[in-house]
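Next come a sequence and a model predicted from it.
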Amino acid sequence: MINLNSKMIGFDRQLKKEWLDLVVEMLHDGETRDKVTEALNKYMANDLKGKEAIRKTRLVINRIWFNPNSQLEFLRHSALGLFNEARAENATSIIHWGMCIACYPYFRDIARICGRLINLQGYFKRSQVRQRTIGIWGERPVVKRTVDHVIQTIIYWNLVKQEEATDKYVVSELERIKNTKLVNWLIKAYLVSRESKTASIDDIRNDPVLFPFSIDINIDNLLINKEIELFNQGLKSEILILRTIDHTDSGIT
């Protein structure tokens, strides 16, 4: 059963990585929302035709970076702090992926479906993802249309690619994340994406929602994070619990 918040699809546009990189870079540099909006509108105008297309696409991005959701505030704050490291490692897609699964249950569910199919058969087809998404979100015209928007977005981010002369999509190249700070941030984003805000270590390792990335989970490093608490459940099961931290100095205005 989908809760009321999850029923809102929200993610109904294709997002290019360059647009998102621009937003994160400007926020990292301390620019205001108005300045970011002005620059983003001009940049998207190179690819999108019409003010309405630009406006609707900007709304999807705004929910990620400007929606006043207290549960997301500390995640945004820490993402901006890690932007230079992510950019130096050509890994800003980690930030975009983490923010999207945390902000958009629809994106999260489709990502999980894609990852599960890839784990099972090495690829996914759009028709397979569409069918399974309808099973979760209902047989609505908007679902049939927007599944393709999510898939095209992760293609734009170079995380999946279409096999030549087929209707199959595969992982472009598994992104191996060695930077401990980026790994820990992605885990926090994963916890935010879960209604319970908790997960076992095995959940994180096995959940196909993170399928484009290969990460090494170091429990000692995780415990340094003031946003995460660890509890032992039984002899071999560690449970991570997210604690929301108030970052009033996030710099997002």
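Structure received.

C-alpha only now, for contacts and for neighbours.
Will do.

Low-confidence regions, the stretch 51-200 of the chain specifically.
Counting by pLDDT under 70, the stretch 51-200 of the chain contains low-confidence ranges at 68.

Return the residue spatially closest to residue 202, with its sequence-adjacent residues excluded.
Once flanking residues are discounted, residue 202 sits nearest to residue 237: 7.9 Å by CA to CA, 6 or more residues apart in numbering.

ok, what's across the strand from the one you found?
When assigned by DSSP bridges, residue 237 has beta-bridge partners residue 233.

Neighbours of residue 202, how many?
Neighbour count of residue 202, defined by other CA atoms under 10 Å: 11.

what helix or strand is the residue nearest to residue 92 when sequence neighbours are not counted on?
Counting by CA to CA, 6+ apart, residue 92 lies nearest to residue 86, which is 5.0 Å off, once chain neighbours are set aside. Per DSSP states H and E: residue 86 is located in helix 83-88.

just checking, next helix/strand downstream of that helix?
Where DSSP H and E defines the elements, the next helix or strand beyond helix 83-88 is helix 92-103.

Which elements pack onto that following helix?
Here helix 92-103 touches helix 17-28, helix 51-65, helix 70-81, helix 83-88, helix 105-121, helix 180-193, going by 3 or more CA pairs under 8 Å, 6 or more residues apart in numbering; DSSP states H and E.

Can you name the residues that contact residue 116?
Residue 116 sits next to 208-209 when contact means CA atoms under 8 Å, 6 or more residues apart in numbering.

ok, now how distant is it from residue 209?
Computed as CA to CA, to the nearest Å, the residue 116 to residue 209 distance reads 8 Å.

Over to residue 243?
Applying CA to CA, the value for residue 243 to residue 209 is 22 Å.

Neighbour count: the two, which is higher?
More neighbours surround residue 209 than the other of residue 243 and residue 209, with 21 against 17 (other CA under 10 Å).

Does the more buried one fall in a helix, a strand, or a coil region?
With DSSP: H, G, I helix; E, B strand; the rest coil as the basis, residue 209 sits in helix.

Name the nearest residue to it, ignoring sequence neighbours.
Distances taken as CA to CA, 6+ apart place residue 112 nearest to residue 209, at 3.9 Å, with adjacent residues excluded.

my read: that neighbour touches residue 212, true?
No: using CA atoms under 8 Å, residue 112 is not in contact with residue 212; the gap is 10.6 Å.

So those two - more neighbours on which side?
Counted by other CA under 10 Å, residue 112 and residue 212 do not tie: residue 212 has more neighbours, with 24 against 19.
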